[in-house]
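Student: Following is a predicted model, sequence given first.
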Amino acid sequence: MRELEKAFSELRARSEGGLITYITAGYPELEDTLIIADTLIRGGADIVELGIPFSDPIADGPTIQTATTKALQAGTTPRKVFEIAEEIKQRNNTPLVILTYYNPIYRMGVKSFFEVAESSGISGVIVPDLPIEEAGEYRKTAEKYEVDTIFLAAPSTPTERLVKIVENTSGFLYLVSIYGVTGARQKIQEQTIKLIEKTLPITRGRIPLAVGFGISKPEHVKAIVEKGADAAIVGSQIIKIIEEKHDNDEGEMLKTLKEYVNQLKGATKKKT
C-alpha cells in the first residue's frame, strides 16, 4: 500500500477527513521551509504539499504568486526543494506531495525528476498544467517509481471528462472548488457544495477526493468534510500568516501557524 493510500485509509478508520497544507518551498527563505513544515505537521497536517516555485504560476492568486517570486529570488530550485523534502521526511512520517508546473519537470527530464522525487520521499506530484491526454510518458514513469500522479478537476470539467480524470489519477483527486485562482475566501460558495455532490458519485470507492482553492477557515473545512469530501486543501491563508508574521517575530509566526492548523484539523472530525 502506497503512503497516500495508507494515510486516507487510516483517516477513514478514525472517522476523520484529511487536512492537506500547502507551502511555497523556499519562502521566505529556503532554510525556513523545514521548520515551517515541521510546525504544520505538529499542528495536525495529514499531508504537506510543497510548491516548487515557478516563474509563471498560472493557477495561483496574488498571495502565492508573491511568495513564489520571493522564493525564486532567494535561489530556490527544484533540486533544493527535493533536498528539503528529504530532510522533512527524515524527521516526520507525514506524506509529502510536490506541486509543480510541467516546465521544471521537462527541464530536469521526466526520469531524472522521478528518480529524485522517489529518493527524497515524495508520495505524489500535482502538475496543474499537464492534461491527461499528454501525460502518458509522465504517468508511466511515475508508476515505475511508485509516485502518485494527482490530477486536478475544475468546476467547468464535463462529467465525461471527469470520469477519465478519475480513471487516470492516483493518490487523490484534487478538486478545484471555484472558478479562478488560489486565494482565501470569506465563505464557501454554493457552487463548491454542488461540485462536491456532482463529483462524489464518480470518486467514491475509487479515489479519495480532496477539495482546494478558497479554503481558509475551520468552518470551510467542516462543510467540505460533512458533504463527503475526504480532505481539504489549505494554502493561501498559511502563506498569508507567514507573510504577516515572519519579519516581525518568527516564534510568533510559528505559534500562530500551529494554532491555525490545529483549528483546521479539529474541523475534520466526521459525525458518527
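Tutor: Perfect, thanks for sending it.

Student: Please enumerate the strands of the stretch 51-200 of the chain.
Tutor: 96-99, 122-126, 148-150, 152-153, 173-176 (DSSP state E, counting those that start in this stretch).

Student: I'd like those as JSON lines, with mean neighbour count, mean pLDDT and distance to residue 41 appended.
Tutor: For glycine as for every other residue, the C-beta is placed from the backbone atoms N, C-alpha and C. Output for these, formatted as JSON lines (neighbours: other Cβ atoms under 10 Å; pLDDT from 0 to 100; distance: least, Cβ to Cβ, whole Å):
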{"stretch": "strand 96-99", "mean neighbour count": "26", "mean pLDDT": "98", "distance to residue 41": "10"}
{"stretch": "strand 122-126", "mean neighbour count": "25", "mean pLDDT": "98", "distance to residue 41": "14"}
{"stretch": "strand 148-150", "mean neighbour count": "22", "mean pLDDT": "98", "distance to residue 41": "19"}
{"stretch": "strand 152-153", "mean neighbour count": "22", "mean pLDDT": "95", "distance to residue 41": "24"}
{"stretch": "strand 173-176", "mean neighbour count": "26", "mean pLDDT": "96", "distance to residue 41": "20"}
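
Student: Now distance to residue 109 too, for the ones you listed, in a markdown table please.
Tutor: Formatted as a markdown table, the strands of the stretch 51-200 of the chain follow (distance: least, Cβ to Cβ, whole Å):
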| stretch | distance to residue 109 |
| --- | --- |
| strand 96-99 | 16 |
| strand 122-126 | 14 |
| strand 148-150 | 17 |
| strand 152-153 | 23 |
| strand 173-176 | 24 |
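
Student: Residue 251: which of the ones you listed is closest?
Tutor: Nearest of the strands of the stretch 51-200 of the chain to residue 251, taken as Cβ to Cβ: strand 96-99 at 24.8 Å.

Student: Could you name the helices and strands sitting against the closest one?
Tutor: On a contact count with 3 or more Cβ pairs under 8 Å, 6 or more residues apart in numbering; DSSP states H and E, strand 96-99 meets strand 47-51, helix 78-91, strand 122-126.

Student: which of the residues in the second one are buried?
Tutor: Same thing as helix 78-91. 78, 80, 81, 82, 84, 85, 87, 88, 89 (16 or more other Cβ atoms under 10 Å).

Student: Also stretch 41-56?
Tutor: Buried, per 16+ other Cβ under 10 Å, within stretch 41-56: 41, 43-54.

Student: and which of the residues you listed is nearest to residue 240?
Tutor: residue 51 (14.5 Å).

Student: Show me what that closest one bridges to in the sheet.
Tutor: With DSSP bridges as the criterion, residue 51 is bridged to residue 24, residue 99.

Student: Could you export the buried residues of helix 78-91 to CSV, including columns for distance to residue 226 and pLDDT?
Tutor: Shown next, in CSV, are the buried residues of helix 78-91 (distance: Cβ to Cβ, whole Å; pLDDT from 0 to 100):
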residue, distance to residue 226, pLDDT
78, 37, 96
80, 39, 97
81, 34, 97
82, 36, 98
84, 35, 96
85, 32, 97
87, 36, 97
88, 31, 97
89, 32, 97
